[in-house]
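Asker: quick one, fold the following:
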Amino acid sequence: MATQKVTILNKTGIHARPASIFVKTASGFKSDITVYKGAAKASAKSLINILALGLSKDVELEISASGEDENEAVQALVDLVNSKFGEE
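Answerer: Below you'll find the predicted structure:
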């Protein structure tokens, strides 16, 4: 299992457009990927689940993956969050 924490940096948080990019990226991996916001968790491959977390600026996420490409999956999603989804 691979796990890494990351803080949301973009001003508007993860709304529909960045959430769809996040889910599309996560769906490209074979591993099971889960996103944690405190005690709440969601599948990284479900747009509705990601939006339901209410991810705003400065929220810390924990991205966890389990499977054959777990390290690559976690790193790709952390890099995506750190890139501010190309919004700024």
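
Asker: phi, psi for Glu68 please.
Answerer: phi -70, psi -30 (degrees, to the nearest 10).

Asker: OK, contacts around the closest residue in space to it that isn't next to it in sequence?
Answerer: Spatial nearest neighbour of Glu68, excluding adjacent residues (C-beta to C-beta, 6 or more residues apart in numbering): Lys30 at 5.7 Å. C-beta here means a position set from N, CA and C on the backbone, and glycine is covered the same way. Neighbouring residues of Lys30 by C-beta atoms under 8 Å, 6 or more residues apart in numbering: Gly67, Glu68, Asp69.

Asker: count the neighbours of the closest residue to the first one other than its chain neighbours for me.
Answerer: So the one you mean is Gly67. The shortest distance from Gly67 to any non-neighbouring residue, by C-beta to C-beta, 6+ apart, is to Ser31 (2.9 Å). Other residues near Ser31 come to 21 when the count uses other C-beta atoms under 10 Å.

Asker: from what I see, Ser31 and Gln75 are in contact.
Answerer: No. In this structure, Ser31 is not within contact of Gln75 by C-beta atoms under 8 Å, at 11.6 Å.

Asker: still on that earlier bit, looking at this, the residue nearest to Glu68 is in a helix?
Answerer: No. Under DSSP: H, G, I helix; E, B strand; the rest coil, Lys30 sits outside any helix and is assigned coil.

Asker: what's the pLDDT at it?
Answerer: At Lys30, the model reports a pLDDT of 98.

Asker: quick one, helices of the chain?
Answerer: Assigned by DSSP state H, the helices in the chain fall at 16-27, 47-52, 70-82.

Asker: let me see the residues that make contact with the longest one.
Answerer: Counting by C-beta under 8 Å, 6+ apart, the neighbours of helix 70-82 from elsewhere in the structure are 1-4, 6-9, 21-22, 25-26, 29, 31, 33, 44, 61, 63-65, 67.
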